[in-house]
Each structure stands twice: as structure tokens, then as C-alpha cells.
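**Student:** sequence and predicted model, in that order:
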Amino acid sequence: METRKRISPNILITGTPGVGKSTISRLLAERTKFAWREVSKLAEEYNCLDEYDPEYNCPFLNEDKLLDVMEGMVAKGGNIVDYHGCDFFPERWFDGVFVVRTNNTSLYDRLTARGYTGKKLEDNIQCEIFETLLEEAQSSYKPEIVQELQNNTEDQLHSNINTIVEWIERWKEENI
Ligand code: DAT
């Protein structure tokens, strides 16, 4: 089947919890008028959560059901998809994948402020140290569409928004 070209790109914002995905997605959605798709919220809203995982104190995501829900949303482009995982989305959904990164001390402070403790805190810090999401993105999407964004400071936050806005403008010049 021939896939119809999108007139606006779909963007995936991924990374360890606490790196700043929602902050970036919210500001970017305000600037671009793209739709911000918070996968965790969509999963709750559309009942895509299965039984409880006692180890992490959170429910399992029913990925197939979520993908069915999201397929229609992403079809036309102009979406910012925000999630701490990226290997289960269809590769064809995304034109640009941005992996947000934060140094250990800042991430520790942000997650502690969020109330994370013990194993949940340690696992998320390890996830960032081992570049788990970066590797997941690099193994799931073409390398030329995957970009890392350091997001430790307010200055970096604003420059990251500008980087993505400029990327969107370039994509439009090259694709429509
Ligand atoms: P995520 O959606 O990846 O879990 P978030 O957007 O909720 O992360 O951000 C976690 C916290 O960090 C939140 O209190 C906002 C803050 N934050 C995000 N980006 C930042 C930045 N560049 N500089 C300082 N604080 C930032």
C-alpha cells in the first residue's frame, strides 16, 4: 500500500522519566500548534493499562491497544508524541526522534522532587547513565532522524525548543 505523504512531520520526544519531555513538548506545542500526545495520559484515558506491576508500582501498558488508539491521531502529521519508551511504535510514524538527556545530579534532584525513592529512583538514574533510551531510539529508527538534546538548564531548554522548531521548518522546506 502506498503511504500518503504527511504535510507536517510527526515528532517523537523520548528519554528517561524526568529529563524534561513534557516541558519540551508543552512549550513546543504552544509554539507550533502541533498536537501534544502524552502517551501515559492517552493510555489512561483510553483504558490501555493492564494489570499492576508490583515491582515498579505502576500498571503495564497494553501497547497494541494504545497503537490502535493512536494510529488515527498520527495519520495526518503535526504530532508531538511524548513517552519514556520508543521501540514499540511503528517506525513509519515518525519523521524526527529527539532523545532528551539530563546529567545525573539534575536528574536525581528532579526525580527526588517528584517523590521517587528506592528502586524506582535508582533504576531511572541507571537508565539515564546507561543511555538506555538513546540506544533504544538508535536501534528502532534510522540514525539520521535520531537527535540527542542535552536538557540540564533553562538556557538549554529554550535552545532545544528552537532546535526542534528549526528542524520542523527545514522538514517542511524539504518535504512539501
Ligand atoms: P519528563 O516529562 O521527561 O518526565 P518533565 O518535563 O516533567 O520531565 O520535567 C521534570 C522536571 O524538570 C520538571 O520539574 C521540570 C524540570 N525541567 C525540565 N526541563 C528543565 C530544564 N531544561 N532545566 C531545568 N529544569 C527543567
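**Tutor:** Arrived safely.

**Student:** flag the shaky bits of the protein, pLDDT-wise.
**Tutor:** Applying pLDDT under 70 to the chain flags residues 1-4, 56.

**Student:** now with 80?
**Tutor:** For the chain, the stretches with pLDDT under 80 are 1-5, 52-58.

**Student:** and the strands in it?
**Tutor:** For the chain, strands defined by DSSP state E occupy the ranges 10-14, 35-38, 49-53, 58-61, 79-83, 96-101, 146-150.

**Student:** now, of those strands, which is deepest in the fold?
**Tutor:** strand 10-14 (a mean of 27; mean count of other C-beta atoms under 10 Å). Any C-beta I mention is one placed from the backbone N, CA and C, and that applies to glycine too.

**Student:** pick out the residue of this protein closest to the ligand.
**Tutor:** residue 20 (3.0 Å; C-beta to the nearest ligand atom).

**Student:** any residues touching the helix ranked longest in the chain, and which ones?
**Tutor:** Counting residues, the longest helix in the chain under DSSP state H turns out to be helix 154-175. When contacts are defined by C-beta atoms under 8 Å, 6 or more residues apart in numbering, helix 154-175 is touched by residues 5-6, 8-9, 11, 20, 23-24, 27-28, 31-32, 95-96, 98, 100, 147, 149-151.

**Student:** try stretch 139-149
**Tutor:** With contact meaning C-beta under 8 Å, 6+ apart, stretch 139-149 is reached by 24, 86-87, 89, 91, 94-101, 134, 137-138, 156, 160, 163, 167.

**Student:** if we go to 6 Å?
**Tutor:** 86, 87, 91, 96, 97, 98, 99, 100, 101, 137, 138, 160 (C-beta atoms under 6 Å, 6 or more residues apart in numbering).

**Student:** which one among those residues gets closest to residue 110?
**Tutor:** Ranked by distance to residue 110 (C-beta to C-beta), the contacts of stretch 139-149 are led by residue 100 at 11.9 Å.

**Student:** does the closest one touch residue 151 like I think?
**Tutor:** Yes - using C-beta atoms under 6 Å, residue 100 is in contact with residue 151, at 5.0 Å.

**Student:** now the common contact residues for those two.
**Tutor:** With C-beta under 6 Å, 6+ apart as the test, residue 100 and residue 151 both reach 19, 20.

**Student:** quick check: residues of this structure near the ligand?
**Tutor:** 15, 17-23, 110, 151, 153-154, 156-157 (C-beta under 6 Å from any ligand atom).

**Student:** and those as TSV, adding neighbour count?
**Tutor:** As requested, the residues of the chain next to the ligand are arranged in TSV below (neighbours: other C-beta atoms under 10 Å):
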residue	neighbour count
15	29
17	19
18	25
19	29
20	23
21	26
22	16
23	16
110	16
151	23
153	12
154	8
156	17
157	16
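
**Student:** all set, thanks.
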